[in-house]
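> predicted model and sequence follow; I will ask about them next.
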Amino acid sequence: MQIEQLKPIVEAALLAASQPMTVAQLGDLFAETDEVGHEQIARALEALAADCEGRGVELKEIASGFRYQVRQEVHPWISRMWTEKPSRYSRALLETLALIAYRQPITRPEIEQIRGVVVSSNIVKTLEEREWIRVVGYRDVPGKPALFGTTRAFLDYFNLKSLDQLPPLSEIRDMEDPQMGFDQTPLPARVIKDLPIDPDEEIDEEVPAEDAAAEIAEAAPATDTHEVPRHEADAAAADTEAAASAADADADEASAHNEPESATADEAAAPADVEDDTTAQNS
């Protein structure tokens, strides 16, 4: 079958499908007698993508396959067709999702260690309900914490074909302060306790979902920079305790020096009393 004959069939299939379609799924539309191979379908898809140049729609390949979608340039006008408001996500949710996307597989205690605050159960539940993250395994440490990773639905929602299309962290470091880097070294597996509750849970300010892939990338380096490291807090607490102990020791020492003086005063008073008694007898 010629490419020009194949193009309208593939185009109609993509428009009729409720989900993105892969090359293999498009190939299932044809019988063996049609003599249509995957190579021909791939060339037809390339031709259809080229035909969309300068139009309000584009043929985009994402993780689940190919789909037609509205171009970002015309989205502000097209979005007025729907009365419901676009999805909005809190900074805490985006930071948690960014850590999972860039550091997967990662456990919840490790996320809390980086952010310095407790990860709300509602955030994890929301991400799982949207099928953006899933449990990919369990860390072989006491407690067996779950390891989280992103899903294909996450890539589809953020218009990505693979995780390689996420903005590299090296580019983000160039835009940020050098001291606000995002460390990619593996974290030791340990449970973090007594962390403060996530302050973003009390904040109404939210981040829109538009350009969400960029928002996730921008949230990633910021997760290391908001809180004081725990080891510094522990050191400060130890210094405070040491200072208090030193103060107590000084007070005890001062008391010890004062006691002999009191005893000497008593002894000095005692002979005077004896002398007074002797004088009284002689008289």
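Right, received. Where do you want to start?
> look up how far Arg80 lies from Arg88.
From Arg88 over to Arg80 the distance is 17 Å, taken as CB to CB, to the nearest Å. In this view, the C-beta of every residue, glycine as well, is placed from N, C-alpha and C.
> if you could redo that for Pro109, that was the one I meant.
Going from Pro109 to Arg80 by CB to CB gives 44 Å.
> list the buried residues in whatever helix or strand Glu46 lives in.
Assigned by DSSP states H and E, Glu46 belongs to helix 38-51. Under the neighbour-count criterion of 16 or more other CB atoms under 10 Å, helix 38-51 has 40-41, 44-45, 47-48 buried.
> circling back: more neighbours, Pro109 and Arg80?
Applying other CB atoms under 10 Å to Pro109 and Arg80 shows that Pro109 carries more neighbours, namely 20 against 7.
> per-residue pLDDT, that one?
Listed pLDDT for Pro109 reads 92.
> I figured it hits Pro145, correct?
Yes. Using CB atoms under 8 Å, Pro109 is in contact with Pro145, at 5.7 Å.
> for this structure, what spans make up the strands?
With DSSP state E as the criterion, the chain has strands at 57-62, 65-70, 88-89, 106-107, 133-138, 146-150, 207-208.
> from those strands, which stretch is densest packed?
Counting by mean count of other CB atoms under 10 Å, strand 106-107 has the highest mean neighbour count of the strands of the chain, with a mean of 24.
> packing partners of that strand?
Secondary-structure packing of strand 106-107 (3 or more CB pairs under 8 Å, 6 or more residues apart in numbering; DSSP states H and E): strand 146-150.
> so what touches the strand it packs on?
100-101, 104-108, 124, 132-139, 163 (CB atoms under 8 Å, 6 or more residues apart in numbering).
> using PDB, write out every CA atom in that strand.
C-alpha atoms of strand 146-150 as PDB (Å, rounded to 0.1, in the frame of the first residue of the first chain):
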ATOM      1  CA  ALA A 146       8.600   0.900  49.500                       C
ATOM      2  CA  LEU A 147      10.500   2.200  46.500                       C
ATOM      3  CA  PHE A 148       8.600   4.600  44.300                       C
ATOM      4  CA  GLY A 149       9.000   5.100  40.600                       C
ATOM      5  CA  THR A 150       7.100   7.000  37.800                       C
END
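> what pairs with that strand, parallel or antiparallel?
According to DSSP bridges, strand 146-150 has the following sheet partners: strand 106-107 (antiparallel), strand 133-138 (antiparallel).
> quick check: closest non-adjacent residue to Glu61.
Lys161 (5.6 Å; CB to CB, 6 or more residues apart in numbering).
> check contacts around the one you found.
For Lys161, the contacting residues are 61-63, 155, by CB under 8 Å, 6+ apart.
> now render the residues you listed as CSV, adding pLDDT and distance to Gln113.
Formatted as CSV, those follow (pLDDT from 0 to 100; distance: CB to CB, whole Å):
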residue, pLDDT, distance to Gln113
Glu61, 92, 36
Ile62, 93, 32
Ala63, 92, 29
Leu155, 93, 26
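> got these as JSON lines, with distance to Leu29 columns?
Output for the contacts of Lys161, formatted as JSON lines (distance: CB to CB, whole Å):
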{"residue": "Glu61", "distance to Leu29": "18"}
{"residue": "Ile62", "distance to Leu29": "20"}
{"residue": "Ala63", "distance to Leu29": "21"}
{"residue": "Leu155", "distance to Leu29": "24"}
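> closest to Ser170 out of these?
Proximity to Ser170 was ranked across the contacts of Lys161 by CB to CB; first place goes to Leu155, at 21.3 Å.
> show me the shaky parts of this structure.
By pLDDT under 70, the weakly predicted segments of the chain are 86, 171-283.
> quick revisit: quick one, which of the strands paired with strand 146-150 gets closest to Gln72.
When these are compared by CB to CB, strand 133-138 sits nearest Gln72, at 24.8 Å.
> can you list contacts of that closest one?
The set of residues external to strand 133-138 that reach it, using CB under 8 Å, 6+ apart, is 97, 100, 104-105, 124, 127-128, 144-151, 154.
> could you measure from Ile133 over to Gly149?
According to CB to CB, Ile133 and Gly149 sit 7 Å apart.
> try Ser162
Taking CB to CB, one finds Ser162 at 13 Å from Gly149.
> how about the helices in the stretch 51-200 of the chain?
For the stretch 51-200 of the chain, the helices defined by DSSP state H, counting those that start in this stretch cover 75-78, 91-103, 108-115, 121-129, 152-157, 169-175.
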